[in-house]
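Enquirer: Structure for this input, please:
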Amino acid sequence: MACLIAPATVAIITTATRKKIPAKYHIEWLNTMLWGGVIMLIIDHIISGEIVFYPPFLTTMRNPHDTFVMLKEIATTGVAMTVAIILAWMIMVLIANRESIFKINKINSK
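Expert: Residues are numbered from 1 along each chain as shown. Got it, this is the predicted structure:
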């Protein structure tokens with residue numbers, strides 16, 4: 001339904017603040033992962049009919065009683081997906097920075 005709102009929100013924030021984040025954190029990797037996930041979720045939701053091209057756009061917003069279900073999905077599924085993406089990015093950054101430290105140590109030891 002609307003689980004894509006959580007990663008989309010984080011993607012907007014990280015895209016807007018990317019110039020303030022040091023290059024060693026490879027924020028472009030996180031942005032690519034987040035935006036890629038959001039695009040795939042949009043495609044999936046369009047195919048399944050959960051997103052339509054006319055207002056209210058999210059089919060769960062047609063019925064006010066479904067608002068709680070939508071918010072619960074954002075809070076559970078959306079946040080879980082976003083956390084998983086961020087953890088994968090953190091592991092990638094740790095590995096990349098660790099390898100660069102080893103390269104510096106090899107150069108200094110010669």
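
Enquirer: State the number of residues packed around the nearest residue to Ile21 once chain neighbours are set aside.
Expert: Spatially, and ignoring its direct neighbours in sequence, Ile21 is nearest to Ile27 (4.5 Å; Cβ to Cβ, 6 or more residues apart in numbering). (Glycine included, C-beta is placed from N, CA and C.) Neighbourhood size, Ile27 [other Cβ atoms under 10 Å]: 19.

Enquirer: which element is Trp35 on?
Expert: For Trp35, the host element (DSSP states H and E) is helix 27-47.

Enquirer: Only C-alpha atoms, please: export that helix in PDB.
Expert: Presented in PDB, the C-alpha positions along helix 27-47 are these (Å, rounded to 0.1, in the frame of the first residue of the first chain):
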ATOM      1  CA  ILE A  27      26.100   8.800   0.500                       C
ATOM      2  CA  GLU A  28      25.500   8.300  -3.200                       C
ATOM      3  CA  TRP A  29      25.400   4.600  -2.600                       C
ATOM      4  CA  LEU A  30      22.600   5.000   0.000                       C
ATOM      5  CA  ASN A  31      20.700   7.400  -2.300                       C
ATOM      6  CA  THR A  32      20.900   4.900  -5.200                       C
ATOM      7  CA  MET A  33      19.800   2.000  -3.000                       C
ATOM      8  CA  LEU A  34      16.900   4.100  -1.500                       C
ATOM      9  CA  TRP A  35      15.700   5.600  -4.800                       C
ATOM     10  CA  GLY A  36      16.000   2.200  -6.600                       C
ATOM     11  CA  GLY A  37      13.900   0.600  -3.900                       C
ATOM     12  CA  VAL A  38      11.300   3.300  -4.100                       C
ATOM     13  CA  ILE A  39      11.000   3.100  -7.900                       C
ATOM     14  CA  MET A  40      10.600  -0.700  -7.700                       C
ATOM     15  CA  LEU A  41       8.000  -0.400  -5.000                       C
ATOM     16  CA  ILE A  42       6.100   2.200  -7.100                       C
ATOM     17  CA  ILE A  43       6.200  -0.200 -10.100                       C
ATOM     18  CA  ASP A  44       5.000  -3.100  -7.900                       C
ATOM     19  CA  HIS A  45       2.200  -1.100  -6.400                       C
ATOM     20  CA  ILE A  46       1.000   0.200  -9.800                       C
ATOM     21  CA  ILE A  47       1.000  -3.400 -11.100                       C
END
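
Enquirer: Thank you kindly, that will do.
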